[in-house]
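# Mind folding the following:
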Amino acid sequence: MINSTQVSYFILAAYFDTGLYKYIYFMVIMSLYMLIVGANLLLIVVICMNRSLHEPMYLFLCSLFVNELYGSTGLFPSLLVQILSDIHTVSAPFCFLLNFCLNFYAGVGFTNLAVMSFDRYLAICCPLQYNIQMTSYKIAMLIALTWLYALLVCLIMISLTNSLKLCGNIIEKVYCDNYSIVKLACSDTTINNIYGLFMISFTILCPVCLIFYTYIKILKVCFSGSKQTRQKAVSTCTPHLASLLNFSFGAFFEIVQSRFNMNHVPIVLRFFLSLYFLTCQPLLNPLLYGLNMSKIRNICKSLVFAKM
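Numbering: from 1, shown residues only. Got it, this is the predicted structure:
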């Protein structure tokens, strides 16, 4: 429930007048959304329906694709409505729901990438213990913890933000984000700011540090191992590393844009860069993993040619 001290609606002030071009923007973003949904849904179905892909690496990938599908669906319908609308307002309950969805998406994304790096570490550095360590039960637990941890963190964040008394309703973004809402508060936000730092540290920095630690271990094994070991590491780790760098860049820009004055940056550039975090990752991951992993690529080819 939204507090009685809250405003009833928010104005998304980052939208700019595009005239008739809004229909072109609408078609471009709609095409992107359909491409993201189609690509991620195809890979989810391929992994779920083929028993040969019921291995830890592919199951973690399936969790990643589900999160990309969820995050895109949390953003794009609202974005498409706002592009065609002349009055860029959202109700307070919907704004908080959108805020929760996007933060939940980010939390699951980073934690899932950390779990995937741990899986690669075991497969490359401890191959003899891999099947003993990565049992079906442990895989299910890791995937469940990935989602439950992000859910708990985001629920606490939303409840803290919801308790604030707001004295404004203008958000300088194209969607609702937590820090923009907190900045509108005229009550004490110390707890919110402390929890925000905690959330960034344990949801972004800790997974990233774990990923870099596992990659250092993997690199040591690669330099001292055989050519076959190096090839295996490169083929499985390159897509994951590219995905991590892309996601981290988007998250870094999003944090900078939320916490610092970006008025010197052209509004059109701010608009597209604010969407980078939520559009490029769901679009890039199916290409990275679908094209680079031979098992997925071959099954997708067989499905396409079978239909033709």
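
# Going by C-alpha atoms from here, please, whenever you check contacts or count neighbours.
Fine.

# starting at the chain centroid, how far to stretch 16-25?
A distance of 27 Å separates the centroid of the chain from that of stretch 16-25, by Cα atoms, centre = their mean, to the nearest Å.

# what does stretch 175-188 give?
Worked out by Cα atoms, centre = their mean, stretch 175-188 lies 21 Å from the chain centre.

# cool, and stretch 65-73?
Computed by Cα atoms, centre = their mean, the chain-centroid distance of stretch 65-73 equals 8 Å.

# just the strands in the protein please.
In the chain, strands defined by DSSP state E lie at 9-12, 89-91, 170-171, listed in chain order.

# and the second one, what other elements does it pack with?
So the one you mean is strand 89-91. In terms of contacts (3 or more Cα pairs under 8 Å, 6 or more residues apart in numbering; DSSP states H and E), strand 89-91 is packed against strand 9-12.

# Direction included, what does the strand it packs on pair up with?
Here strand 9-12 is paired, per DSSP bridges, with strand 89-91 (antiparallel), strand 170-171 (parallel).

# Name the stretch among the strands of the chain that sits most buried.
Here the criterion is mean neighbour count by mean count of other Cα atoms under 10 Å, and of these the winner is strand 9-12, at a mean of 20.

# List the contacts of that one.
Identification of contacts with strand 9-12 by Cα atoms under 8 Å, 6 or more residues apart in numbering yields 88-92, 95, 169-176.

# And for stretch 54-69?
Contacts of stretch 54-69 (Cα under 8 Å, 6+ apart): 36-37, 40-41, 43-44, 47-48, 53, 105, 108-109, 112-113, 115-116, 119-120, 134, 139, 143, 281-282, 285-286.

# and the residues you listed, which are buried?
36-37, 40-41, 43-44, 47, 53, 105, 108-109, 112-113, 115-116, 119-120, 134, 139, 143, 281-282, 285-286 (16 or more other Cα atoms under 10 Å).

# which ones among the residues you listed are found in helices?
36-37, 40-41, 43-44, 47, 105, 108-109, 112-113, 115-116, 119-120, 139, 143, 281-282, 285-286 (DSSP state H).

# Would you format the strands paired with strand 9-12 as a markdown table with distance to Tyr23 included?
Supplementary listing: the strands paired with strand 9-12 in a markdown table, determined by distance: least, Cα to Cα, whole Å:
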| stretch | distance to Tyr23 |
| --- | --- |
| strand 89-91 | 19 |
| strand 170-171 | 24 |
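
# mind giving me TSV with these and columns for distance to Asn162 and mean pLDDT?
Below are the strands paired with strand 9-12 laid out as TSV (distance: least, Cα to Cα, whole Å; pLDDT from 0 to 100):
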stretch	distance to Asn162	mean pLDDT
strand 89-91	14	90
strand 170-171	16	88
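
# residue contacts, the residue of the chain most remote from its centre?
When distances are taken from the C-alpha mean of the chain, Ser226 lies farthest, 35.0 Å away, according to Cα atoms, centre = their mean. By Cα under 8 Å, 6+ apart, the contact set of Ser226 is empty.
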